[in-house]
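Enquirer: Using only what follows, build the 3D model:
(one chain, ligands or ions: 1)
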Amino acid sequence: MSRFNRIATPIPDLVVIERQRFGDERGFFSRFFCREELADFGHDGTIAQINHTMTQLKGTIRGLHFQRAPHDETKFVSCLAGAVFDVAVDLRPGSPTYLKWHGEVLSAENGRSMMIPGGFAHGFQTLSEDCELIYLHDKPHAPAAEGGLNPLDPKLAIGWPLTVAQMSARDEAFPFL
Ligand SMILES: Cc1cn([C@H]2C[C@H](O)[C@@H](COP(=O)(O)OP(=O)(O)O[C@H]3O[C@H](C)C(=O)[C@H](O)[C@H]3O)O2)c(=O)[nH]c1=O
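Expert: Sure thing, here's the model as predicted:
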């Protein structure tokens with residue numbers, strides 16, 4: 001019996017994984033990651049780096065970031081404190097959903113993760129204060145291969161839920177497509 005539910009999105013290969021919880025009077029237990037079980041959902045089990053971010057302000061946007069091939073990485077993104085609107089943008093050349101985006105609420109409460117294959121840009125907007133995210137990357141950080149899209153690019157027309165409260169200067173400076 002799998003301890004994960006696979007939730008499809010309108011973009012092929014971009015999936016949401018929901019962790020099953022085993023509750024009792026103390027709280028709950030859930031399996032956060034499992035190489036064997038997530039292989040069925042397309043993850044090859046490789047974890048090269050695990051990153052953790054904390055974002056204080058509600059309404060902050062981080063992203064949209066990606067790494068160019070051959071450093072294009074699968075990201076398994078989870079929110080362990082607060083709630084975020086997590087967004088992935090398809091940048092795969094020739095994809096029928098090229099430049100299409102999908103957004104999903106990830107939260108400590110809903111136990112959902114987004115599994116984002118290489119070839120996608122990723123970003124999120126915080127829906128609460130003090131949001132903490134954990135990223136499982138299947139390839140290491142490669143600064144020279146990093147790229148970004150402006151999250152406010154009208155060509156993407158991402159439906160961010162809140163007024164933007166904060167962005168890094170780097171993210172603000174990404175040019176529109
Ligand atoms: C990604 C990364 C960054 N860093 C250093 C580089 C900077 O000195 C500092 C902050 O990096 P950055 O401003 O890129 O952090 P975010 O804006 O939160 O970007 C991250 O959040 C967006 C939404 C993502 O999807 C990426 O995983 C990641 O780029 O951490 C590292 O040392 N290792 C790393 O793997």
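
Enquirer: Check the protein for the residue nearest the ligand and tell me.
Expert: Nearest to the ligand in the chain, going by C-beta to the nearest ligand atom, is residue 141, at a distance of 3.2 Å. Where you see a C-beta, it was placed from the backbone N, CA and C, and this is true even at glycine.

Enquirer: Excluding chain neighbours, what is closest to residue 59?
Expert: Nearest residue to residue 59, sequence neighbours excluded (C-beta to C-beta, 6 or more residues apart in numbering): residue 165, at 3.0 Å.

Enquirer: what about the one you found, distance to residue 55?
Expert: 10 Å (C-beta to C-beta, to the nearest Å).

Enquirer: The residue sitting nearest the centre point of the chain pairs with what?
Expert: Residue closest to the average C-alpha location in the chain (C-alpha atoms, centre = their mean): residue 77, at 4.3 Å. Legend: beta-bridge partners of residue 77 under DSSP bridges are residue 114, residue 135.

Enquirer: For the residue of the chain most remote from its centre, grab phi and psi.
Expert: Most distant from the centre of the chain: residue 25, at 31.5 Å, with distances by C-alpha atoms, centre = their mean. Listed backbone geometry of residue 25 is phi -60, psi -20, with angles given as degrees, to the nearest 10.

Enquirer: what pLDDT does it get?
Expert: You'll see residue 25 listed with a pLDDT of 97.

Enquirer: Also residue 171?
Expert: Reported pLDDT for residue 171: 98.

Enquirer: tally of neighbours for it?
Expert: Other residues within reach of residue 171, judged by other C-beta atoms under 10 Å, total 19.

Enquirer: Sticking with it, tell me its helix or strand.
Expert: helix 169-173 (DSSP states H and E).

Enquirer: Just the CA atoms of that helix, as PDB, please.
Expert: Only the C-alpha atoms of helix 169-173 are listed here, as PDB (Å, rounded to 0.1, in the frame of the first residue of the first chain):
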ATOM      1  CA  ALA A 169      16.500  42.500  -6.200                       C
ATOM      2  CA  ARG A 170      17.700  39.600  -8.300                       C
ATOM      3  CA  ASP A 171      14.200  38.400  -9.000                       C
ATOM      4  CA  GLU A 172      12.900  41.900  -9.700                       C
ATOM      5  CA  ALA A 173      15.700  42.400 -12.200                       C
END
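
Enquirer: Which other helices and strands does it contact?
Expert: strand 61-67 (3 or more C-beta pairs under 8 Å, 6 or more residues apart in numbering; DSSP states H and E).

Enquirer: Run the chain-centre distance for the strand it packs on.
Expert: 9 Å (C-alpha atoms, centre = their mean, to the nearest Å).

Enquirer: All set, thanks.
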